[in-house]
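K.L.:
Prediction below, plus the sequence it came from.
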Amino acid sequence: MSAKHAKPNFSQSQVAELVKRLYKLTPSELRSLPSYDDQNFYVAAVEGGEYVLKIMNSEDSKNSNLIEVQTYTMSFLHQNGLPAQTALPNTSGQLMSLEEMDCGYGSQKYLVRLLTYLPGTTISKSPLTPQLLYETGKTAARMDQILQTMEHPHLGLLQRDKFIWSLSYLPLLEQYIYVLDGDPLQEVVKSVIHQYKTSVVPKRSSLRKCINHGDFNDLNVLVQPDESDGYRISGILDFGDMNSGYYIHELAITIMYMMTEHPTPVEVGGPVLAGWESVLPLNEAEKDCLYVLVLSRFCQSLVLARYSVALHPENREYLMISSKRGVHILQRLWELGKEEVEKVWFQSAAQFSDRK
């Protein structure tokens, strides 16, 4: 988000050349995939196999140790039975390489990785049945549980002090709130930040710490049809927002993004919560913080999307995807209030678990 020209802008021919040089693969098909800060390409190879080439933006590329942790995390989850991508070694046996290229902004360095391609469609395109929402909550909890057992020499980098997308640093949003000047939404965002400071921060010592994926959203979860006419989760993508946080943060983020895709968003919380608690039951402090944290994530998403549009007007359509519905849902949650929303979530979670 920092540098205006950090996002790579590689041409198809540049990408084909990279794939050939670094991986000895000849693309038979090459197409661009959506991305917020980076550049992703679907690659089918003449030699066989499907892959995703990920070119990191020049800012994040400066922190190769952090990318190394993220890459390791993916294979660690994969080894532990969760559907994450894994990176393939290049011709020199490395899982990533720093490539100096000019894609229109002068010569810059970009970290390049080739990842396995996971089949499926994003959960945003599938009917969000209560059963699929339950599976989503359960998968998010299993993921965080597995991450807690992970060891790596650079794990400390996940502290990510003042990381703008971490729910631990919600008050940082105050410096961007001017993008909502003149918008009635600004008052809601200010109120949510106030609630966060007064009701979440004092309870932090009772929240259980863990490593968060941090972006378990509707475009980062893939699904495939299963045997029983429903869907199962077939992929977890994009570990770029990983950070040291709290279990309850992951749950709040998951609920928030699933809400943006649902015709009756308030009802989403129940089945996601039931799935989560089938793995990791919440303690009292966590339960009490959930509502404000879900609203907090909506605020991050909306304010930072507006801010990014100001920086990258050409990405407007992609950046505003969750924004359009998000504004409406945030206002609805705020109007209903904590007590009312919690009643819906916790009662339906209990009913859902009884049926299991």
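P.N.:
Yep, that arrived. Numbers count the residues shown, from 1 in each chain.
K.L.:
How is this structure divided into domains?
P.N.:
12-116, 121-355 (automatic domain parsing).
K.L.:
Adding mean pLDDT, distance to residue 6 and mean neighbour count, write those domains out as JSON lines.
P.N.:
In short, each C-beta sits where N, CA and C put it, glycine included. Output for the domains of the chain, formatted as JSON lines (pLDDT from 0 to 100; distance: least, CB to CB, whole Å; neighbours: other CB atoms under 10 Å):
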{"stretch": "domain 12-116", "mean pLDDT": "93", "distance to residue 6": "4", "mean neighbour count": "17"}
{"stretch": "domain 121-355", "mean pLDDT": "94", "distance to residue 6": "10", "mean neighbour count": "19"}
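K.L.:
so where do the helices sit in the stretch 1-150 of the chain?
P.N.:
Assigned by DSSP state H, counting those that start in this stretch, the helices in the stretch 1-150 of the chain fall at 12-23, 64-79, 130-147.
K.L.:
With respect to residue 106, which of the ones you listed lies nearest?
P.N.:
Closest of the helices of the stretch 1-150 of the chain to residue 106 is helix 12-23, at 14.6 Å (criterion: CB to CB).
K.L.:
which helices and strands does the closest one pack with?
P.N.:
strand 27-33, strand 39-45, strand 50-55, strand 97-102, strand 107-116 (3 or more CB pairs under 8 Å, 6 or more residues apart in numbering; DSSP states H and E).
K.L.:
Sheet-wise, list the partners of the fourth one with their directions.
P.N.:
It stands for strand 97-102. When pairs are called by DSSP bridges, strand 97-102 turns out to pair with strand 107-116 (antiparallel).
K.L.:
do the third one as well
P.N.:
Within its sheet, strand 50-55 is paired with strand 39-45 (antiparallel), strand 107-116 (antiparallel), according to DSSP bridges.
K.L.:
Quick one, which of those strands gets closest to residue 21.
P.N.:
Closest to residue 21 of these is strand 107-116 (CB to CB; 10.2 Å).
K.L.:
residues making contact with that closest one?
P.N.:
5, 8, 18-19, 22-23, 43, 51-58, 60-62, 64, 67, 71, 74, 85-88, 90, 95-102 (CB atoms under 8 Å, 6 or more residues apart in numbering).
K.L.:
so it versus helix 12-23, what angle?
P.N.:
Interaxial angle, strand 107-116 versus helix 12-23 (axes from the mean of the first three to the mean of the last three CA atoms, to 10 degrees): 70 degrees.
K.L.:
Let me know the angle separating strand 107-116 from helix 64-79.
P.N.:
Using the same axes, to 10 degrees: strand 107-116 against helix 64-79 is 10 degrees.
K.L.:
Render the CA-only coordinates of strand 107-116 in PDB, please.
P.N.:
The C-alpha trace of strand 107-116 is given here as PDB (Å, rounded to 0.1, in the frame of the first residue of the first chain):
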ATOM      1  CA  SER A 107      14.200  -1.500 -12.900                       C
ATOM      2  CA  GLN A 108      12.900  -3.000  -9.600                       C
ATOM      3  CA  LYS A 109      13.300  -6.200  -7.700                       C
ATOM      4  CA  TYR A 110      10.300  -8.600  -7.400                       C
ATOM      5  CA  LEU A 111      10.100 -11.900  -5.500                       C
ATOM      6  CA  VAL A 112       8.900 -14.700  -7.700                       C
ATOM      7  CA  ARG A 113       7.400 -18.000  -6.700                       C
ATOM      8  CA  LEU A 114       5.700 -20.800  -8.600                       C
ATOM      9  CA  LEU A 115       2.900 -22.400  -6.600                       C
ATOM     10  CA  THR A 116       0.800 -25.500  -7.100                       C
END
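K.L.:
follow-up on the earlier one: out of the strands paired with strand 50-55, which comes closest to residue 330?
P.N.:
So among the strands paired with strand 50-55, strand 39-45 is nearest, using CB to CB, at 28.5 Å.
K.L.:
what sits against the nearest residue to residue 258 once chain neighbours are set aside?
P.N.:
Leaving aside its chain neighbours, residue 258 sits nearest to residue 268 (4.8 Å; criterion: CB to CB, 6 or more residues apart in numbering). Taking CB under 8 Å, 6+ apart, we find residue 268 in contact with 128, 133, 255, 258, 259, 262.
K.L.:
how close does the last one get to residue 303?
P.N.:
If you measure residue 262 against residue 303 using CB to CB, to the nearest Å, the figure is 22 Å.
K.L.:
Report the secondary structure state of the nearest residue to residue 289 once chain neighbours are set aside.
P.N.:
Distances taken as CB to CB, 6+ apart put residue 200 closest to residue 289, at 4.9 Å, once the chain neighbours are dropped. Secondary structure state of residue 200, per DSSP: H, G, I helix; E, B strand; the rest coil, is helix.
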